[in-house]
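[1] Provided below are the primary sequence and the corresponding predicted coordinates.
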Amino acid sequence: METVDFNTFSKVDLRVGKVIEAEDVPESRKLIKLIVDLGPLGKKQILSGIKKWYRPEELVGRYVVVVANLEPKKMAGLVSEGMVLMAQEDEGSKPVFVVPQEPVRPGTKVF
């Protein structure tokens with residue numbers, strides 16, 4: 001495993017977000033488009049490769065942890081403006097969302 005120094009890690013802006021919209025990306029077998037409310041940081045469109053395990057309607061209302069300052073990336077003709085953090089025991093197993101243990105407002109910083 002490659003290591004990173006603290007200064008590099010401290011550049012990553014992790015925030016709690018709330019999924020307010022979710023829909024399939026028709027041009028993709030893997031992607032779901034999420035609109036995530038990050039409170040004072042606004043809303044971000046995030047594409048996540050979780051279509052195999054989740055349906056869009058079960059994602060709306062979920063709280064998630066997001067890499068809020070990830071460089072935008074174009075996928076399937078859309079732009080993803082962040083990344084939702086998930087845990088996966090092994091490749092092929094269902095990924096699970098990393099979530100706060102207690103309620104916090106969208107936009108709350110994770111450290």
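    Okay, I see it.

[2] now do the contacts for V25.
    With contacts taken as C-beta atoms under 8 Å, 6 or more residues apart in numbering, V25 has the following neighbours: L31, I32, K33, L47, K51, A76, L78. From N, CA and C alone the C-beta is placed, and that goes for glycine too.

[3] again with A68
    Contacts were defined as C-beta under 8 Å, 6+ apart; by that measure A68 touches D13, L14, R15, G17, L38, L41, K44, G82.

[4] indicate each strand paired with the helix or strand hosting the third one and its parallel or antiparallel sense.
    Right, R15. Assessed by DSSP states H and E, R15 sits inside strand 14-24. The sheet places strand 14-24 alongside strand 32-37 (antiparallel), strand 63-67 (antiparallel), strand 109-110 (antiparallel), with pairing taken from DSSP bridges.

[5] list the contacts of that strand.
    Strand 14-24 is touched from outside by 31-39, 41, 43-44, 51, 56-57, 59-68, 84-85, 100, 104-111, with contacts defined as C-beta under 8 Å, 6+ apart.
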